[in-house]
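J.: I would like to see how this sequence folds:
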Amino acid sequence: MFTDFFFLLRFYGVPVTVTEWLALMRALALGLAPASLDPVLRRGAQHPREV
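T.: Residues are numbered from 1 along each chain as shown. From the prediction side, this is the model:
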């Protein structure tokens, strides 16, 4: 799943490298970053941005 995301970012010109990829994988393995966007999306729904 994250591999596809990595290549999608590169396809659209986002300058991600293997260094960022490995940092993300390490953070996920250590539990420092959530592996799901569900908590982020729920938090965003509770606090909509004002335009």
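J.: quick one: pLDDT of residue 4?
T.: Listed pLDDT for residue 4 reads 86.
J.: residues contacting it?
T.: Residues counted as contacts of residue 4 (C-beta atoms under 8 Å, 6 or more residues apart in numbering): none. All C-beta atoms are positioned from the backbone trio N, CA, C, and that covers glycine.
J.: next: residue 24.
T.: With C-beta under 8 Å, 6+ apart, residue 24 has these contacts: 2, 33.
J.: can you point out the buried residues in the one helix or strand it maps to?
T.: Assessed by DSSP states H and E, residue 24 sits inside helix 18-29. Residues residue 24 are the ones in helix 18-29 that count as buried (16 or more other C-beta atoms under 10 Å).
J.: so what's residue 9 up against?
T.: Contacts of residue 9 by C-beta under 8 Å, 6+ apart are residue 16.
J.: which SS class is it?
T.: helix (DSSP: H, G, I helix; E, B strand; the rest coil).
J.: now do residue 14
T.: Residue 14 ends up coil, using three-state DSSP.
J.: burial count for it?
T.: Neighbours of residue 14 under the rule other C-beta atoms under 10 Å: 10.
J.: any idea of the pLDDT on it?
T.: pLDDT, read off for residue 14, is 91.
J.: give me phi/psi at it?
T.: Phi and psi for residue 14, reported as degrees, to the nearest 10, are phi -80, psi 120.
J.: number the residues from 52 up from this point.
T.: Will do, 52 is the new start, and the previous item becomes residue 65.
J.: show me where pLDDT drops low in this protein?
T.: 52, 85, 88-102 (pLDDT under 70).
J.: switch the cut-off to 80
T.: Counting by pLDDT under 80, the chain contains low-confidence residues at 52-53, 84-102.
J.: please report the distance of residue 72 from residue 66.
T.: 12 Å (C-beta to C-beta, to the nearest Å).
J.: actually, residue 78.
T.: Distance check for residue 78 against residue 66: by C-beta to C-beta, it reads 19 Å.
J.: cool, and residue 56?
T.: Distance from residue 56 to residue 66, by C-beta to C-beta: 15 Å.
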